[in-house]
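Novice: model this:
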Amino acid sequence: TVLLSLLPWTIPGLIAFLSLLAALFLHNKAHRDHELAKISKTLEGTSNELQSKITERDRLFTALKKSEREHRALINCISEVIFETDATGRLIFLNETWQRVTGVEPDKALRRSLFDMLSPEDQLSQQTMFEELLTGQRQSYRAETKIRIASGHYKPVELAFSMIRLGEDQSVHAVGTITD
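Specialist: Next up is the predicted model:
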């Protein structure tokens, strides 16, 4: 009988409890939806910003490649060999004129010592002047020498070192020309 007397109050209490749980659930869901909307908006902004940066990077890359092609074409149409060496005299850049002057493809001469390609009687004096250039004792120098060509013979040329610059890794590089 006691249980039967509580039954009319139990059903409304249960309904109120379930309603309270539903309200809490809906409130929690609305809060999560709001937070997810904020995160989504932030991600959308970040995505747009990244897309803008990617577009700008692509534009700059295209402009750089165009500029590089134009400069390379200019460097390759010059009648003098333009070269760059590291601090030991190893060739790290040659324009295409190198092949016309020496008969050797530029790629085959890269990473080789420029001084090893000079006539043996000039190698020591050229290395000495090069070291003076690297240490700042000379600003530039120009000298008559002979360079070995594809046939193995030596050809008279004028060798000029005219500039020192730092590489991207802060290493010393020398730039110069060889005139046929």
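Novice: average model confidence for whichever strand or helix holds residue 9?
Specialist: In this structure, residue 9 sits in helix 2-77 according to DSSP states H and E. Averaged across helix 2-77, the pLDDT comes to 87.
Novice: got the contact list for the next helix or strand after it?
Specialist: The helix or strand immediately downstream of helix 2-77 is strand 81-86, counting by DSSP H and E. For strand 81-86, the external contacting residues (C-beta atoms under 8 Å, 6 or more residues apart in numbering) are 75, 91-95, 97-98, 101, 114, 167, 171-180. The C-beta positions use only the backbone N, C-alpha and C, and glycine is treated the same way.
Novice: residues contacting stretch 104-124, please?
Specialist: Counting by C-beta under 8 Å, 6+ apart, 83, 85, 88-96, 98-99, 102, 126-127, 130, 143, 145-150, 154, 159 sit against stretch 104-124.
Novice: sorry, that was for stretch 65-75
Specialist: So stretch 65-75 is contacted by 82, 95 (C-beta under 8 Å, 6+ apart).
Novice: got the CA coordinates for it in PDB?
Specialist: The C-alpha trace of stretch 65-75 is given here as PDB (Å, rounded to 0.1, in the frame of the first residue of the first chain):
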ATOM      1  CA  LYS A  65      62.500  30.900 -62.100                       C
ATOM      2  CA  LYS A  66      61.800  33.500 -64.800                       C
ATOM      3  CA  SER A  67      64.500  35.800 -63.500                       C
ATOM      4  CA  GLU A  68      66.900  32.800 -63.200                       C
ATOM      5  CA  ARG A  69      66.300  31.800 -66.800                       C
ATOM      6  CA  GLU A  70      66.800  35.400 -68.000                       C
ATOM      7  CA  HIS A  71      70.100  35.800 -66.000                       C
ATOM      8  CA  ARG A  72      71.400  32.500 -67.100                       C
ATOM      9  CA  ALA A  73      70.700  33.400 -70.700                       C
ATOM     10  CA  LEU A  74      72.500  36.600 -70.200                       C
ATOM     11  CA  ILE A  75      75.500  34.900 -68.500                       C
END
